[in-house]
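Enquirer: Here is my input; please provide its structure:
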Amino acid sequence: MIRRFLRDLADRAIVGPRPPRRPPEPPPVVAPMAPLPTAPDLTDGLEVESPVPGSLLLDIREPGELASGVAVGAMLLPMDLVPHHLDRLPRDRPITVYCAAGARSWGVAHWLREQGFPGAVSLVGGLTAVPGPRALPEGAGRTITAPAALVDSAYAPGQSAEIITLDGDAWRCRVRDEQGFWAERRVPRAALDG
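Expert: Down below sits the predicted model:
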């Protein structure tokens, strides 16, 4: 007690009088927080066990994977080319996306929903879950040399191309563009047969 008195006396002489001590204030009372609203689950109904009746079957596998067959009537559009061909996909009917196992198709179906295709779904199990016959697309996976030509009013040099499928009188192929991205190119069948 004497030590405290002497310390207080010395402090007053050097620093000046101390303000009176107040007891600490209790922490403010905070009302419990209301639960945060949860975002809607975008994956609701994104996966299906079998193709939706009346839907467009969209095969997003790479051309080299098509040797195992393609569901009859499916549209072949490799995953890398989907963003470039949204105008070819119907917005007014469901789209059942499938790949080899179902992982890539889930991502593409989710992305298509974000782009305004509410009926896009992923087929769990991929190609094995597609009932019915399968066909081998003519030339699929084969590599050709596409000759130099005008493509969309621009010069396209001769380049190596991987065939997706035969579409009418032209091969639908994928090629690497100047920036290194995959692009689709149509090569007239006569240009390769001659």
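Enquirer: Mind splitting this structure into its structural domains?
Expert: 47-135, 143-193 (automatic domain parsing).
Enquirer: Just name the most buried of those domains.
Expert: Highest mean neighbour count of those: domain 47-135, a mean of 17 (counted as mean count of other CB atoms under 10 Å). C-betas here are computed from N, CA, C, even on glycine.
Enquirer: re earlier: the domains of the chain into CSV, with extra columns for distance to residue 5 and mean pLDDT?
Expert: Listed next are the domains of the chain as CSV, based on distance: least, CB to CB, whole Å; pLDDT from 0 to 100:
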stretch, distance to residue 5, mean pLDDT
domain 47-135, 75, 90
domain 143-193, 83, 80
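Enquirer: okay, these in TSV with distance to residue 8 next?
Expert: Formatted as TSV, the domains of the chain follow (distance: least, CB to CB, whole Å):
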stretch	distance to residue 8
domain 47-135	70
domain 143-193	78
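Enquirer: closest to residue 20 out of those domains?
Expert: domain 47-135 (63.6 Å; CB to CB).
Enquirer: what's residue 98 in contact with, if anything?
Expert: Counting by CB atoms under 8 Å, 6 or more residues apart in numbering, residue 98 makes contact with 51, 57-60, 71, 74, 105, 122-123, 126-127, 129-130.
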